[in-house]
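A.B. asks: need a 3D model of the following:
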Amino acid sequence: MPGTDLELLVKAAHAAGDVARQFSGPSAKVWEKPGGAGPVTEADLAVNRVLEDTLRSARPDYGWLSEESEDGGARLDRDRVFIVDPIDGTRSFMEGSQIWAHSLSVVERGKVIAGVIYLPMRDKLYAAALEGGATLNGTPLRVGARIEPDGATMLAAKPNFKGEFWRRGEHPGLVRNFRPSLAYRMALVAEGRFDAMMTLRSAWEWDIAAGALILQEAGAAVSDQSGAGLVFNNPEPKVPGVLAANPQLHETLTRSLVEGAVI
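C.D. replies: Numbering: from 1, shown residues only. Down below sits the predicted model:
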């Protein structure tokens, strides 16, 4: 049995990738979730089963929160909780793209202590343990050093750039980029390939928990859009938004946003 939570997450991520690669996204069976919550494929469900079996059998005293499992609230009474997204970027997976990820984390009393984001089709495994640094395939990560927002690259959906969300009526010269997986966006900023990422929309914890730790351990400041820290394993497993960049750029961007900016 893996000795640390991070080692266990890495093992589970590789097992998830082995399962996911057995499916073809464009031909996988698809169902629509109730309440307009989006699609789920047979691959999502198969990956969820292997993750739950691998993780919960190794740590039966941990709680469980997954996008593809019914949430009964029992996790709220546990000190440590697995928070996972079997496939982050399901629509991308369905289209046959390679840009989707498994996002796995362990949260202790609201704080992420281990996290893994794995892109099996690209063999990219981002990993971090609290106070242990962040890596990509074993190589240490460091967030980018750019501090001026004018010309800074930001991973975000187009609506985040609307003038109504920025104090000056327009964003401060940011260059927008996008990736369909929210977890991958966070990992790319931790890798230093982009300067910042943001979503002004409430984010599910399973999409961002692993990425928040990986960013933090790579030297980024990570918060909601008001600058408040993120807390996980909430009764409703959401946070009000996410903003991440190196600390100086993060502070500038936070000051540039309209107070209470929400999509």
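
A.B. asks: next one: the residue located most distally from the centre of the chain, what pLDDT does it get?
C.D. replies: When each C-alpha in the chain is compared with the mean C-alpha position (CA atoms, centre = their mean), residue 168 comes out farthest, at 29.4 Å. Model confidence at residue 168, given as pLDDT, is 95.

A.B. asks: how about it, secondary structure?
C.D. replies: Put simply, residue 168 is coil when judged by DSSP: H, G, I helix; E, B strand; the rest coil.

A.B. asks: over to it: give its phi and psi.
C.D. replies: Per-residue torsions, residue 168: phi -90, psi 10 (degrees, to the nearest 10).

A.B. asks: check the one 3 residues further on too.
C.D. replies: In this entry, residue 171 is assigned phi and psi values of phi -70, psi 160 (degrees, to the nearest 10).

A.B. asks: do the same with residue 108
C.D. replies: Backbone geometry at residue 108, expressed as degrees, to the nearest 10, gives phi -120, psi 120.

A.B. asks: beta partners of it?
C.D. replies: Using DSSP bridges, the beta-bridge partners of residue 108 come out as residue 80, residue 111.

A.B. asks: neighbours around it, how many?
C.D. replies: Taking other CB atoms under 10 Å as the criterion, the count of residues near residue 108 is 17. Every C-beta, even on glycine, is put in place using the N, C-alpha and C of the backbone.

A.B. asks: in this structure it contacts residue 80, no?
C.D. replies: Yes - between residue 108 and residue 80 there is a contact at 4.9 Å, judged by CB atoms under 8 Å.

A.B. asks: excluding its backbone neighbours, what's nearest the residue farthest from the centre of the chain?
C.D. replies: Counting by CB to CB, 6 or more residues apart in numbering, residue 168 lies nearest to residue 256, which is 7.4 Å off, once chain neighbours are set aside.

A.B. asks: with residue 117 instead?
C.D. replies: With sequence-adjacent residues excluded and distances taken as CB to CB, 6+ apart, residue 117 is closest to residue 126, at 4.4 Å.

A.B. asks: give me the three-state assignment for that neighbour.
C.D. replies: Of the three states, residue 126 takes strand according to three-state DSSP.

A.B. asks: what stretches of the stretch 1-150 of the chain score poorly on pLDDT?
C.D. replies: Applying pLDDT under 70 to the stretch 1-150 of the chain flags the ranges 1-2.

A.B. asks: now do 80
C.D. replies: Low-confidence segments of the stretch 1-150 of the chain (pLDDT under 80): 1-2, 25, 36.

A.B. asks: can you map out the helices along it?
C.D. replies: 5-20, 42-58, 90-94 (DSSP state H, counting those that start in this stretch).

A.B. asks: count of residues packed around residue 258?
C.D. replies: By other CB under 10 Å, neighbour count at residue 258 equals 15.

A.B. asks: distance-wise, check it relative to residue 169.
C.D. replies: For residue 258, the distance to residue 169 equals 10 Å [CB to CB, to the nearest Å].

A.B. asks: same question for residue 146.
C.D. replies: Using CB to CB, residue 146 is found at 23 Å from residue 169.

A.B. asks: all strands for the stretch 151-263 of the chain, in order.
C.D. replies: In the stretch 151-263 of the chain, the strands defined using DSSP state E, counting those that start in this stretch lie at 153-155, 175-177, 196-199, 203-204, 221-223, 238-239, 242-245.

A.B. asks: among the ones you listed, which is nearest residue 46?
C.D. replies: In terms of CB to CB, the element of the strands of the stretch 151-263 of the chain nearest to residue 46 is strand 203-204, at 20.3 Å.

A.B. asks: other residues contacting that closest one?
C.D. replies: For strand 203-204, contacts defined as CB atoms under 8 Å, 6 or more residues apart in numbering pick out 67, 85, 182, 237, 238, 239, 241, 242.

A.B. asks: what does stretch 190-198 give?
C.D. replies: With CB under 8 Å, 6+ apart as the contact definition, stretch 190-198 has outside contacts at 126, 134, 136, 141-144, 146, 152-156, 160, 174, 177, 185-186, 188-189, 211, 214-215, 217-218, 220, 225, 241-246, 249-250, 253.
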